[in-house]
Each structure stands twice: as C-alpha cells, then as structure tokens.
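Asker: Please find the sequence and the predicted model below.
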Amino acid sequence: MRNFISHKVASIPPSGLRAFFDIAATMKDVISLGIGEPDFVTPSHIIRAGVESLGRGETHYTSNPGTTELRRALSGYLARLYGVEYDPETELLITVGVSEALYLALTAVVDPGDEVIVPQPCFVAYIPEILFNGGAPVTIGCRVEDNFQVTAAQIERKITPRTKALLMGYPNNPTGAALQRQTLLEIAQVAEKRDLVVISDEIYDRLVYGMEHTCFASLPGMRQRTILLGGFSKSHAMTGWRIGYVAAPVELAEAMSKVHQYTIMSAPTPAQAAALEAITCGEDDVQWMRVEYDRRRRLVVSGLNEIGLKCFEPQGAFYAFPSVEISGMDDRGFANALLAEEKVAVIPGSAFGEASGHYVRVCYATDYDKIEQALERMRRFVQRHG
C-alpha cells in the first residue's frame with residue numbers, strides 16, 4: 001500500500017508545544033507554565049450571553065462573515081481603540097479563532113514560491129502555515145540585546161523580488177516583546193516602499209504593560225496594505241469559544257471570505273453572541289485581568305532573574321523568555337529535566353524558531369501562588385545544575 005500522505009504535510013514536524021503538554025498531563029503535582037491561555041474562566045456575563053443565544057434557538061448558521069450586530073460592534077471597537085475604521089459589511093470577517101484568520105490570510109495572499117518574511121521567535125503556526133500554502137518562509141532572528149524587536153533595516157535586508165508579505169506577531173508569543181511606535185513607523189515605510197502586504201497578528205493587543213499598543217493598520221498609509229488579525233481568546237479569556245476576526249481592505253477581505261465560505265461556512269453562532277457581549281460590556285474584565293497579569297509578570301521576571309535565569313522585561317502578552325545557559329543545558333534538555341525532577345512544565349524556545357535554543361517560554365497565566373511555588377522549584381533545580 002503506497003503512502004497517501006502529501007510530502008508537504010509529512011515534511012512538517014508536529015508542534016513542539018503539544019509533546020510537553022501531553023507528558024505533563026500524565027504526571028501528578030505538575031505546575032504548568034506552558035500552555036498559552038488564560039487561567040481565568042470566561043466572565044459570567046459573557047457566558048450567559050452564549051447560553052441565552054442557545055436558549056433562543058440560535059443554533060443555525062449565521063451569514064458567512066458573521067452576524068451584522070457583531071461586525072458593527074467590532075467596527076466601533078477598533079475605531080474607539082485605534083482610530084482605524086472598517087466597513088462592517090465588506091471589510092470585517094468573523095473567524096474560528098485567530099488560527100483560522102491566519103490560515104485565511106496566507107491562503108488568500110500566498111502563491112507557490114512567494115516569500116513571506118517572519119521575525120523569530122514567533123508563534124509555532126506561522127512557518128507551517130506558510131509552507132502548507134506553498135510559500136517560502138524567510139526568517140529574521142531577533143536578539144535579546146534588542147529586546148527581541150525586529151527592525152526595519154533587518155526586514156529590508158531580507159527582501160527579494162519574490163517577497164510578497166511580512167508576517168508579524170506583536171505583542172509577541174513567546175517573548176512578550178512589544179514594538180515601539182517609532183519602530184513600527186519605520187517598518188511601515190519599508191512595506192510601502194517595497195510594496196509588501198503586512199499580516200499583523202495582534203491577538204495580545206489588550207495585554208500591554210507600561211506602554212500603548214500601536215495597531216499596525218492605524219499607521220499612515222498602512223490600512224490599505226494590512227491584514228489585521230485579532231480576537232477575544234486572550235483579552236477576554238475565551239480560548240475555548242474559538243472566536244476571532246480579520247479586518248482588511250475590501251479586495252483582501254473578499255478573497256479571504258471566499259476561502260472562509262468554502263472551508264468553514266461561519267463561526268459558531270453562540271460564540272458570536274458571547275463575543276458581542278465581550279465587546280459591548282467586557283471592558284472592565286479586560287482591565288482587571290490585565291492588572292493581574294502585570295502583577296504576575298513582575299513576580300516572574302524578578303524571580304527568574306534572582307534565580308540566575310536571565311530574563312529581559314516583557315511588555316506584552318503573558319510570557320517571559322529567560323535564558324537557560326546557566327544550567328549548561330540546551331532548551332530541550334532543560335525543559336525535560338525540569339519537568340522530570342521538579343514537575344514544572346515550560347516550553348523549549350526552539351519550538352518558536354531555530355535561534356532560540358537557549359531559551360524557554362514561561363507562561364504566567366496561572367495562579368500567583370502556583371507561580372511562587374514554581375519559582376521555588378526552579379530555584380532548587382538551578383542550584384543543582386547551575
């Protein structure tokens with residue numbers, strides 16, 4: 001019997017995150033600083049909105065791009081936050097999480113052989129999704145000396161006649177880095193000069209500390225060449241609802257909508273009702289969770305540095321990205337040994353890019369007391385191996 005698996009799928013390894021989650025799930029007394037989702041339950045009023053939607057018998061498809069009410073609310077939400085306006089009828093698409101939004105953007109834009117520039121470390125799905133669509137990922141290794149921020153000069157050096165798009169995720173998963181407005185303005189100038197489409201993954205836009213988030217599409221001249229990806233999973237603790245969105249100019253939105261029609265039909269109806277409640281009545285929840293994440297962020301960063309696991313100060317998301325060089329191990333050896341010896345789960349940095357082999361991702365979206373316990377276990381571990 002011949003092998004029926006396509007070469008492009010067979011050539012891509014499984015996610016480096018899943019292996020550690022699967023191992024940790026079989027062990028008792030594990031403190032997980034691994035999985036990248038809020039530990040908070042979705043706020044009760046948002047849950048009620050989803051349940052009430054079901055109670056009203058809203059168990060059918062919505063229109064392909066999502067309910068009119070949600071798209072109108074989303075249009076106002078983006079205008080209030082960032083001063084960028086989208087037509088709810090033609091430029092907004094409700095998706096099954098930002099994962100579908102990323103798939104739609106790359107499918108609509110990338111032809112076989114097109115190059116897509118990707119700063120690394122980056123979310124684990126970026127490179128595989130480009131490859132699934134026949135594109136050629138061109139990576140840029142960002143350094144801790146630059147606070148893991150990509151620069152316009154780095155991007156411009158990577159551009160060739162085959163370059164079509166720039167894919168960025170800021171605030172960043174896994175580093176927690178956030179880009180300064182001036183840096184984004186310089187990147188925007190390169191995108192315009194070299195005629196690139198920019199796919200901007202801003203799922204962590206509401207979780208920024210000590211600075212203001214700049215929406216890339218709000219920069220001068222960028223609205224017409226930006227595909228903005230966003231959602232409610234991180235900001236409103238709604239990962240399991242699988243609800244996100246794409247905002248883009250008409251031509252790009254229509255192309256993505258075509259893929260969405262044939263692939264998904266529409267995002268889950270009750271989840272859209274919950275998202276509408278999140279937009280209209282969930283701001284206090286966002287602010288409360290952001291303050292709590294900031295409290296945990298300060299604990300994690302100071303604790304890691306005291307242990308000797310050097311860590312720059314992240315300004316967004318809910319991740320820290322410490323170096324583990326003091327242990328004499330690489331990232332995978334460190335993560336495996338820490339899990340086995342102290343039952344603390346972290347993610348090897350190399351899961352997020354080849355240049356991250358001496359870093360691990362530490363997620364602080366977990367209870368404050370558990371973070372304190374995890375830091376104490378990590379202290380013992382580093383004392384043995386440092």
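Answerer: Thanks, I have the structure now.
Asker: From now on I want contacts and neighbour counts done on CA atoms only, so please keep to that.
Answerer: Will do.
Asker: For Ser235, which residues are in contact?
Answerer: Counting by Cα atoms under 8 Å, 6 or more residues apart in numbering, Ser235 touches 203-207, 286, 289-290.
Asker: Output stretch 160-173 in PDB with nothing but the alpha carbons.
Answerer: Taking C-alpha atoms only, stretch 160-173 is exported to PDB below (Å, rounded to 0.1, in the frame of the first residue of the first chain):
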ATOM      1  CA  THR A 160      14.000  39.900  -2.700                       C
ATOM      2  CA  PRO A 161      11.900  40.200  -5.900                       C
ATOM      3  CA  ARG A 162      10.000  37.100  -4.700                       C
ATOM      4  CA  THR A 163       9.000  38.800  -1.300                       C
ATOM      5  CA  LYS A 164       5.200  39.300  -1.100                       C
ATOM      6  CA  ALA A 165       4.400  39.600   2.600                       C
ATOM      7  CA  LEU A 166       5.600  40.400   6.100                       C
ATOM      8  CA  LEU A 167       4.000  38.300   8.900                       C
ATOM      9  CA  MET A 168       4.500  39.800  12.400                       C
ATOM     10  CA  GLY A 169       3.000  39.000  15.800                       C
ATOM     11  CA  TYR A 170       3.300  41.700  18.400                       C
ATOM     12  CA  PRO A 171       3.000  41.700  21.400                       C
ATOM     13  CA  ASN A 172       5.000  38.600  20.800                       C
ATOM     14  CA  ASN A 173       4.400  34.900  21.600                       C
END
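Asker: can the contacts of Ser235 go into a markdown table with extra columns for pLDDT and neighbour count?
Answerer: Output for the contacts of Ser235, formatted as a markdown table (pLDDT from 0 to 100; neighbours: other Cα atoms under 10 Å):
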| residue | pLDDT | neighbour count |
| --- | --- | --- |
| Ile203 | 98 | 25 |
| Tyr204 | 98 | 24 |
| Asp205 | 98 | 22 |
| Arg206 | 98 | 22 |
| Leu207 | 98 | 23 |
| Val286 | 98 | 18 |
| Met289 | 98 | 20 |
| Arg290 | 98 | 21 |
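Asker: Narrow those residues to those in helices?
Answerer: Among those, the ones falling in helices (DSSP state H) are 286, 289-290.
Asker: Val208 - nearest residue in space that isn't next to it in sequence?
Answerer: Leaving aside its sequence neighbours, Val208 sits nearest to Gly316 (Cα to Cα, 6 or more residues apart in numbering; 4.2 Å).
Asker: My guess is the one you found contacts Leu179. True?
Answerer: No - using Cα atoms under 8 Å, Gly316 makes no contact with Leu179, being 9.4 Å away.
Asker: Next, show the common contact partners of the two.
Answerer: Common neighbours of Gly316 and Leu179 are listed as Pro171 (criterion: Cα under 8 Å, 6+ apart).
Asker: what residues are up against the residue nearest to Val208?
Answerer: By Cα under 8 Å, 6+ apart, the residues touching Gly316 are 171-172, 176-178, 204-205, 207-209.
Asker: Then Thr263?
Answerer: Under the criterion of Cα under 8 Å, 6+ apart, Thr263 has no neighbours.
Asker: Any stretches of this structure with poor pLDDT?
Answerer: Residue ranges of the chain with pLDDT under 70: 1-2, 16-21, 23-24.
Asker: At which residues are the strands of it located?
Answerer: Residue ranges of the strands in the chain, as given by DSSP state E, are 31-32, 92-95, 115-120, 136-141, 163-169, 197-201, 226-231, 244-247, 319-320, 344-345, 347-348, 360-363.
Asker: what's in contact with the fourth one?
Answerer: The contact list for strand 136-141 (Cα under 8 Å, 6+ apart) reads 112-121, 127, 130-131, 150, 154-155, 158, 355.
Asker: at 7 Å what do you get?
Answerer: 113-121, 127, 130, 355 (Cα atoms under 7 Å, 6 or more residues apart in numbering).
Asker: Could you pull out the helices in the stretch 51-200 of the chain for me?
Answerer: Along the stretch 51-200 of the chain, counting by DSSP state H, counting those that start in this stretch, helices occupy 68-82, 97-109, 126-132, 152-158, 181-193.
Asker: Which elements pack onto the last one?
Answerer: If contacts are counted by 3 or more Cα pairs under 7 Å, 6 or more residues apart in numbering; DSSP states H and E, helix 181-193 sits against helix 152-158.
Asker: Off-centre distance for the helix it packs on?
Answerer: Put simply, helix 152-158 sits 22 Å off its chain's centre (Cα atoms, centre = their mean, to the nearest Å).
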